[in-house]
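*Asks:* Provide a 3D model corresponding to the input given below.
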Amino acid sequence: MSRLSLDALPVPDSAASAAALEVATAYLSPALLHHSLRAYAWAAARGTMDGIPFDPELLYVAALHHDIGLVPEFDSHTVAFEEASGHVARVFAAGAGWPARRRERLADVIVRHMAPEVDAAADPEGHLLARATATEIVGKEADDYPAGFRDEVLERHPRLDLAEQFLACFEAQAARKPGSSAAGAVRSGLAGRMASHPFGP
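*Replies:* Presented below is the predicted three-dimensional model:
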């Protein structure tokens, strides 16, 4: 494999991908937007390194929508944020003209990113996004990526105040939805794991 770099990763140039970036830019804070773009970069790199075939457009749109249920405009008081994010993405994909089955796949990928484990054979995009977001938030498997690639990703998409924003979002979710995955993460020591992230706060 040639040197891993951001510009060598597959980035879809479809109308749906461009629209997903436009929506994410409009609704996500700068920190959450960069987080979502980094999530795609880690996921696509992981697929490339591990030889896991994936659909770049599906993964890219999922990465850009996976946290949209955390923002006030789409926050739900009745379902977990990842489910709310999946609903928003499903509506987006319908507007983009995706067929029903692909819309459901998109929502599934987003919901599963909070699962402890996702089978790569059954859902490669969900598997890659789950691992990438774990790298993003608590640094899991961060050392698996070449140092030069890590530096390139973090330079192009800086972390800004992600740690502070993300923890505040999860703590708010936990307070309102104690049975949610976000609440479980907070109870299991999310703050401490984030504080020791190898990429810094």
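
*Asks:* Pull the contacting residues for Tyr15.
*Replies:* In this structure residue 15 is Ala, not Tyr. The contact partners of Ala15, by CB atoms under 8 Å, 6 or more residues apart in numbering, come to Ala96. (Each C-beta comes from the backbone N, C-alpha and C, glycine too.)

*Asks:* ok, it to Gly97 distance?
*Replies:* 9 Å (CB to CB, to the nearest Å).

*Asks:* I'd like to know how far Leu28 sits from Ala18.
*Replies:* For Leu28, the distance to Ala18 equals 16 Å [CB to CB].

*Asks:* Those two: which is more packed in?
*Replies:* Counted by other CB atoms under 10 Å, Leu28 and Ala18 do not tie: Leu28 has more neighbours, with 20 against 11.

*Asks:* got the contact list for that one?
*Replies:* Contacts of Leu28 (CB under 8 Å, 6+ apart): Ser36, Asp67, Ile68, Val71.

*Asks:* for the longest helix along the chain, packing partners?
*Replies:* Taking DSSP state H as the criterion, the chain has its longest helix at helix 30-50. Contacts defined by 3 or more CB pairs under 8 Å, 6 or more residues apart in numbering; DSSP states H and E place helix 30-50 against helix 15-27, helix 56-65, helix 124-138, helix 147-156, helix 162-176.

*Asks:* Who are the contact partners of the most centrally placed residue in the chain?
*Replies:* Nearest to the mean C-alpha position of the chain, by CA atoms, centre = their mean, lies Ala63 at 4.2 Å. The contact partners of Ala63, by CB under 8 Å, 6+ apart, come to Ser36, Leu37, Ala39, Tyr40, Ala43, Leu129, Ala132.
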